[in-house]
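Participant: Next input, structure requested:
(chains A and B)
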Amino acid sequence: MTKRHGISPVLPTSALLWLLIAFGLLLLPQLDRLPIWLSVSCVALAGWRWLVQLGIIRLPGRILRIAIMVALIAFYVLGARGQFSVETASSFFVLAVGMKWLETRTTRDVYVLFFILCYLAAVNFLFQQGILWALINFIGISLLLISLQVLNAPDIPNSVATSWRRLGGLLLKTLPVVVLLFIFFPRLSPLWSVPLVSGQARTGISDSMEPGSISDLAQSSERAFRVTFGGMLPEYRDRYWRGLILDRFENERWEQADKAMAGRPGRISSDGGIGDLREDEYDVLLEPTYQRWAFALDNSSPVSANVTGEPDGTFVFDRPADTSIRYRMEREENPSQRSNEQTLSQADQYRYLQLPREGNPRARDYARKLLTEYQEPLDYAQALMARFRSQPYFYTLRPPAMPEDSVDALLFDVKRGFCAHYASATAFMLRAAGIPSRIVIGYQGGSPGNNDEYLIIRQYDAHAWVELWSPDRGWVRLDPTAAIAPQRIESGLRDAVAEEGSFLENEWISPSRYGDVALVRWLTLQADSINYEWQRWVVGYQGQTQMNLMSRLPGNFSLRDLGYLSAGLFGGSLLVAGLWTSWRQRRRVPNDPLERLMVRWRRLLEARGGDVTSSDTPITLARKAADQMPAQGSRHAVFARAVNNHYYGSAPLSRRDWLRLKRLLSSLTR
Amino acid sequence: MAGIFRRRWRRWVNRRIPRSDSQTFSQRNVFILPTGAGAVFCFLLLVMLLTGINYQNSLIYLLTFLLGAIFVAAMHQTHRNLVGLRLTLINTGEGFPGTDIEFRLRATSDHSDAVAIHITPEDGDVESFTVQKGELVEVCLSAQGTSRGPVSAGDLRVETRFPFGLLTAWSWMRPVREGLCYPRAIAPPDIPGGGEEGEQSSGTAASSDLSNMNIRPWRQGDLTQRVLWKRFARTGEMVIADWEGDAADPEWLDFDSFPGVDKELRLSYLAALVEQRDQLGAPYGLRLPGSRIEPDASRLHRAHCLRALGRHGFGSPAAESVLPGDLLGQSGRFDRAADSMSHQHD
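Facilitator: Numbers count the residues shown, from 1 in each chain, chains lettered A, B, ... in the order given. A predicted model of the protein is given here:
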């Protein structure tokens, strides 16, 4: 008994083609995180398979195939270096698909590829959740389904077009159920925790600052995060987004002394707070930074449970932000109430006064000299700012290199630098004068999104400034950039470096670069707005958001109720589909008009006592009829010939012929 | 254990799907289950759901629900692909053992296309076809004839996995009519000299002894082989030799002419002789216990004789068999004659 039908030695070319295209599409979201050799070999292996299909080359033999596999896996293992994360697993996935192309011979192999690629789409969603990426993934899945249809029915004409039509119909029919399931399926809490990525540096600020590190960022228009405010947008000059604090100056660079941030990552929590934003609340949607710090305005405190405050006034997540993450903060109206710790502990004194033993002698001398004039920390700071303001210091994205004694060089020789340089010099001068101070890294500014509903903060808004400790007022912000280039603080980097023309000079295709063209600005704002809503309401639809929505619906559903509801939805839709089919079947009438006549004819003969069987051809029927009703025999013969002509002859019946036959049949009935 | 269940299941199915030459598939008789790939797909959906839960990823939820819904919709689609298909057995074939015996089916589908339908006979190759809505497709199945007698198409498993191959909807068609396998043609050992029948045939082959013949003028419809061309050359008259009603005719192939030989072997000998006579184009008649076929010489006659040999001892066919040359008005008469003869025999 041969049951393994459908397994043909050669796969239908069309099915393979769609599979390959789907593979290409689903690979796209992975490209930026895959090692180049891996992407290249995947494309090469898929290309190989395609050339085999075209009959140009042959599939490799067993030995060559195994050799290729061993080599690729060896490369992979070397590259992964024993780290395990979802990211390494996903690149192994991609590798597996690539290698599978070399042994895609039978239908079964196509199914294996189908399964792997479906899961690859899911993995893609872990890393890229923008609406465009989602579209690409869904299109990839559709192509996979097209490929399966073509595979299962390769011989029908126009199979691709009909497959698309069929798939479209299926999607339309299932859409309501999918949407309802999406809304009502209970969002359970995570079960276990596996790191998504194995901690590589990405774009975005890092946990150390060398001269120049932020000016690199200023060349990127990538989005860092978006914020919606419950109340009014704060003034531009007040948009200081504190991220992390650098307190240790060593070898001309600032870093974090205490890096106790490592450790087992917590579970992913995308619950970013629920309900409408109150007047003093704001909601941040952070793009993946792969770091744990969260960005917040001065005097904020966390509202959503996925951020916690640190003693130094910054905020961290439970785990690195390896997907986009939403959190909610609250601004305190009265900042004076916040700092109840009016004294700095001994350890902190030591920490915030740390300086290397030597280096930058001229700056140290100048600090000593300035200190004799201004003993009060705030006065001292003001004097320093006054110097920045009065002397020809320049704010530039193209500062010269200052490899040694960078503070000296900046303050007394070069006088050209970016925010990081000035912040570094200011903090050095403060510490040299015995004033506890620290560098704050974060973002400053942000441009309003569509209709001023939210703020978009981009990488070029990255900024560094200084905070100093005043015994009276606690930590006070001091931004040397405000003294040198007030436009940077008032309206952003574009205006600050307008004369220099260095704004996004390497990003030719970035829409931000052409932000002064009205149409481009309008389009980018619209696109961003759609994407933002998508991220907030579709991507961010998680546990608390769901419960919040449910609490607004009548009935007050619990998580368990939602489970029942989803099961009911699923079962209900099955039931409806079943009933629909049976209803359709009830009212079955032949669609072919001639067949309807045939049915009538047969019934007529049966009524006259004819021995009619299903296998009777029209001619046989006519003969039988002639036996029974000799008078009408010739008319029956005419009818039979017409039927035969229609089905087997050259010309099918026209409507007029059909009407004539119908009349003929009526005459026979009489 | 599994065998018991299988038998029980088949019994239940057989009750549900009565034997019939025409089968319309409907909800009552179509079964549906996931294929192996479908089972793996369900497992994959589960894994994806777990991934979505664990990484709190709404888009993975969305993808999982979408694929799940498509799976359910595919169930509907696969089922509907088969439901509404009508298969009618229009012709059953005949042949010698070892040859393929064909079963011709006509497939129509009323309200939706029936795409990529596979028919698997119990022993035979899969046939795949697609019927567009309102179209008519003929499908040929073949079964190997192994031994003389009626050949059943068996239970035909009609199956489809369209559109995604994740589900399989299937049913059975259990045709009543049977094909026929002729006896294996085995040349009798004593041709041409041995048996009584052989002597007779050699006597006629010389065609000198015209005294036993009825000579009558040629009529339309008479075979050209039977015209006495020598006489035509001599006299210009077209006359033919008519053996009808002549009991002592040497051209009779007789079941009783092989005394002591096994029944099946006798039939085999007769089959070989029929083939031989047919090759020669000489008229012959066939005498079997309880029935006889008047002498004639044509393809139709040959088929008629071979059919009588094949069916000998098996009783009447379940339904009237339609010859390929059905449109020749005679065949129906012949068939009916054959049937009545075998009835007599019973």
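Participant: how about low-confidence regions in chain B?
Facilitator: B:1, B:190-214, B:220-223, B:225-226, B:241-250, B:316-346 (pLDDT under 70).
Participant: likewise the stretch 501-650 of chain A?
Facilitator: Checking the stretch 501-650 of chain A against pLDDT under 70 turns up A:507-509, A:515, A:581, A:584-592, A:613-615, A:649-650.
Participant: And the helices in it?
Facilitator: A:518-533, A:543-552, A:559-586, A:593-607, A:618-628, A:633-648 (DSSP state H, counting those that start in this stretch).
Participant: quick one, which of those helices is packed in tightest?
Facilitator: helix A:618-628 (a mean of 19; mean count of other C-beta atoms under 10 Å in any protein chain shown). C-beta: built from backbone N, CA, C; applies to glycine.
Participant: Can you check what angle separates it from helix A:633-648?
Facilitator: Interaxial angle of helix A:618-628 relative to helix A:633-648 (axes from the mean of the first three to the mean of the last three C-alpha atoms, to 10 degrees): 170 degrees.
Participant: which helix is the longest one in chain B?
Facilitator: Counting by DSSP state H, the longest helix found in chain B is helix B:58-82.
Participant: quick one on the thing from earlier: reformat the helices of the stretch 501-650 of chain A into TSV and put distance to chain B next to each item.
Facilitator: Below are these laid out as TSV (distance: least, C-beta to the nearest C-beta, whole Å):
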stretch	distance to chain B
helix A:518-533	13
helix A:543-552	8
helix A:559-586	5
helix A:593-607	8
helix A:618-628	6
helix A:633-648	6
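Participant: Need those helices in a markdown table (columns: distance to residue A:245).
Facilitator: Formatted as a markdown table, these follow (distance: least, C-beta to C-beta, whole Å):
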| stretch | distance to residue A:245 |
| --- | --- |
| helix A:518-533 | 29 |
| helix A:543-552 | 30 |
| helix A:559-586 | 39 |
| helix A:593-607 | 83 |
| helix A:618-628 | 93 |
| helix A:633-648 | 86 |
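Participant: And those helices: which comes nearest residue A:433?
Facilitator: helix A:518-533 (44.7 Å; C-beta to C-beta).
Participant: Against which helices or strands is that closest one packed?
Facilitator: helix A:131-152, strand A:223-229 (3 or more C-beta pairs under 8 Å, 6 or more residues apart in numbering or on different chains; DSSP states H and E).
Participant: out of those, nearest to residue B:2?
Facilitator: The nearest among those, by C-beta to C-beta, is helix A:131-152 at 29.2 Å.
Participant: Pull out the buried positions in that closest one.
Facilitator: A:131, A:133-134, A:136-138, A:140-152 (16 or more other C-beta atoms under 10 Å in any protein chain shown).
Participant: for stretch A:64-80, same thing?
Facilitator: A:68-69, A:72, A:76, A:80.
Participant: Helices - which of these land there?
Facilitator: A:68-69, A:72, A:76, A:80.
Participant: okay, who's weakest in these by pLDDT?
Facilitator: Lowest pLDDT of those: residue A:80, 75.
Participant: Nearest spatial neighbour of it, chain-adjacent residues omitted?
Facilitator: Nearest residue to residue A:80 in three dimensions, chain neighbours excluded: residue A:88, at 4.7 Å (C-beta to C-beta, 6 or more residues apart in numbering or on different chains).
Participant: related to what we said a few turns ago, for residue A:20, find the nearest of the helices of the stretch 501-650 of chain A.
Facilitator: Once the helices of the stretch 501-650 of chain A are compared by C-beta to C-beta, helix A:518-533 is nearest, at 29.1 Å.
Participant: Can you give the contact residues for stretch A:390-403?
Facilitator: A:211-212, A:215, A:218-219, A:252, A:409-410, A:414-419, A:421-422, A:481, A:484-485, A:488, A:496-497, A:500, A:502-503, A:505 (C-beta atoms under 8 Å, 6 or more residues apart in numbering or on different chains).
Participant: Please pick the buried ones from these.
Facilitator: A:211, A:215, A:218-219, A:252, A:409-410, A:414-419, A:421-422, A:481, A:484-485, A:488, A:496-497, A:502-503.
Participant: mind giving me the domain ranges of the chain?
Facilitator: Let's take chain A. For chain A, automatic domain parsing gives the domain ranges A:13-154, A:593-669.
Participant: right idea, wrong chain: chain B
Facilitator: B:2-181, B:196-345.
Participant: Out of those, indicate the one that is most buried.
Facilitator: Of the domains of chain B, domain B:2-181 is the most buried (mean count of other C-beta under 10 Å), at a mean of 19.
Participant: quick one on the thing from earlier: any idea which of the domains of chain A gets closest to residue A:473?
Facilitator: Using C-beta to C-beta, the domains of chain A put domain A:13-154 closest to residue A:473, at 42.1 Å.
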